[in-house]
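Asker: All I have is the shape, not the residue letters:
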């Protein structure tokens, strides 16, 4: 099962009709010809189609073969590439999701070299300048061009989980001054599930018919859902600086509104992250553990209620999430160096 997508991928390219370079109207592979020119690539197919796939196969002998789907009459490009070959610098007017089926793949994105290993993905924003390296390795890469209409439908209808929706809307649709990419790395068995989704998508694109638009949209929903639940993704340096980790901000905002009765397990289920990952992120941002962070929110709210209202102390303790009055008094006094009663008296 593991090799099924590789076999099908090779068959797709091998069965397509080879043509000469000058007949490659979609530009499956364009070698670098200038360091100063930036090509802008448009969505390769009819924009009513939700997705287009460009398939690349590279070998240690520097032989390239590739094709594009779906086409009424599939064709392939086959050629040998020189050592240290690159594609021409380019951008897209659509979102591109690259998936490394096998081997490893290297790109320069916004001037930064990034290597993607087998099973990893890269989502590149519109107008984000990048180029591809053609290394001497056995590599299969699938590039999915996602039409604006298909992507906006996934986002607007919230087919992906809330965390990735809010992040992608900010990073890829609204932050026009920040040209972004996202690097996705799978957790444990997620790559196997992704391979299954990608294989189904390739099969649908290879045998395109009247139902394929709907089926492909559904498979994109699965892919984005899996990206949000089964993958860790890293931010580009610019977005880290600008947004200071939107994921962190969204979760901590949720905690602030639900601090009275919240658990780490509840957060894991809602935001689909692993406990140790969030613990590291929270510790880095605040210097606190999860329990310590929630306690800080509760005690600060208790302090506010003591100073701004006449609600009895016992009710305040319960309101902020503490049923044990003695425990509340103890941690409150340790935090503020005075008892709740003394703080209220001195207000």
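Answerer: Yes, it's here. On a predicted model such as this, the values are computed, not experimentally measured, just so you know. Numbering: from 1, shown residues only.
Asker: The stretch 51-200 of the chain: helices as residue ranges?
Answerer: Here the stretch 51-200 of the chain has its helices, by DSSP state H, counting those that start in this stretch, at 148-156, 162-168, 190-206.
Asker: Lowest average pLDDT across these?
Answerer: Mean pLDDT values for the helices of the stretch 51-200 of the chain show the minimum at helix 162-168, a mean of 56.
Asker: residue boundaries of the strands in the stretch 1-150 of the chain?
Answerer: 17-18, 39-41, 51-58, 63-69, 75-80, 85-86, 90-92, 95-102, 104-109, 112-117, 121-124, 130-134, 139-146 (DSSP state E, counting those that start in this stretch).
Asker: which other residues reach the first one?
Answerer: By CB atoms under 8 Å, 6 or more residues apart in numbering, the residues outside strand 17-18 that reach it are 73-78. All C-beta spots, glycine's among them, are computed from the backbone N, C-alpha and C.
Asker: Run me through the strand neighbours of that strand, direction for each.
Answerer: strand 75-80 (parallel) (DSSP bridges).
Asker: What of the fourth one?
Answerer: Partner strands and pairing direction for strand 63-69 (DSSP bridges) are strand 51-58 (antiparallel), strand 75-80 (antiparallel).
Asker: which residues sit against that strand?
Answerer: Residues contacting strand 63-69 (CB under 8 Å, 6+ apart): 12-14, 16, 26, 28-29, 44, 52-58, 74-81, 134, 202, 205-206, 208.
Asker: which among those end up buried?
Answerer: For the contacts of strand 63-69, a burial check counting by 16 or more other CB atoms under 10 Å picks out 12-13, 16, 28-29, 44, 52-58, 75-78, 81, 134, 202, 205-206, 208.
Asker: re earlier: looking at the strands of the stretch 1-150 of the chain, which is nearest to residue 325?
Answerer: strand 121-124 (50.8 Å; CB to CB).
Asker: So which bits of that closest one are buried?
Answerer: Buried positions in strand 121-124, judged by neighbour count with 16+ other CB under 10 Å: 121-124.
Asker: Turn these into a markdown table, columns for pLDDT and distance to residue 223.
Answerer: Listed next are the buried residues of strand 121-124 as a markdown table, based on pLDDT from 0 to 100; distance: CB to CB, whole Å:
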| residue | pLDDT | distance to residue 223 |
| --- | --- | --- |
| 121 | 95 | 9 |
| 122 | 93 | 13 |
| 123 | 89 | 10 |
| 124 | 88 | 15 |
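Asker: which sections of the stretch 1-150 of the chain are below the confidence cut-off?
Answerer: Under the criterion pLDDT under 70, the flagged ranges of the stretch 1-150 of the chain are 1-2.
Asker: do the same with the stretch 201-347 of the chain
Answerer: In the stretch 201-347 of the chain, residues with pLDDT under 70: 234-249, 272, 285.
Asker: What ranges does it have for its helices?
Answerer: 212-230, 237-243, 246-257, 264-271, 275-286, 290-308, 313-319, 325-336, 340-345.
Asker: from memory residue 50 sits against residue 148, does it?
Answerer: No - using CB atoms under 8 Å, residue 50 is not in contact with residue 148; the gap is 10.1 Å.
Asker: ok, those two, which is more surrounded?
Answerer: residue 50 (24 against 14; other CB atoms under 10 Å).
Asker: Next, count neighbours for the residue nearest to the more buried one when sequence neighbours are not counted.
Answerer: For residue 50, ignoring the flanking residues on the chain, the nearest one in space by CB to CB, 6 or more residues apart in numbering is residue 150 at 3.6 Å. Neighbour count for residue 150, taken as other CB under 10 Å: 22.
Asker: Please name the residues that touch residue 150.
Answerer: 50-51, 217, 220.
Asker: Out of these, who's the most crowded?
Answerer: Highest count within those by other CB under 10 Å belongs to residue 51, 26 neighbours.
Asker: Distance check, it against residue 125.
Answerer: 17 Å (CB to CB, to the nearest Å).
Asker: do residue 274 as well
Answerer: Distance from residue 274 to residue 125, by CB to CB: 26 Å.
Asker: Straight-line length of stretch 56-63, end to end?
Answerer: 11 Å (CA to CA, to the nearest Å).
Asker: start the count at 28, not 1, going forward
Answerer: Will do, 28 is the new start, and the previous item becomes stretch 83-90.
Asker: Return the per-residue confidence for residue 207.
Answerer: The model reports residue 207 with a pLDDT of 71.
Asker: isn't it right next to residue 152, touching?
Answerer: Yes - the criterion here is CB under 8 Å, and residue 207 meets it with residue 152 at 4.5 Å.
Asker: Neighbour count: those two, which is higher?
Answerer: Higher neighbour count among residue 207 and residue 152: residue 152, with 25 against 22, using other CB under 10 Å.
Asker: In this structure that one contacts residue 208, no?
Answerer: Yes - the pair formed by residue 152 and residue 208 meets the contact definition of CB under 8 Å, at 6.5 Å.
Asker: ok so, going back, how far away is the residue nearest to residue 77 from residue 112?
Answerer: Counting by CB to CB, the gap from residue 177 to residue 112 is 32 Å.
Asker: same deal with residue 374?
Answerer: 72 Å.
Asker: next one: residue 260
Answerer: Taken as CB to CB, the span from residue 260 to residue 112 is 29 Å.
Asker: How about residue 175?
Answerer: The gap separating residue 175 from residue 112 is 31 Å, by CB to CB.
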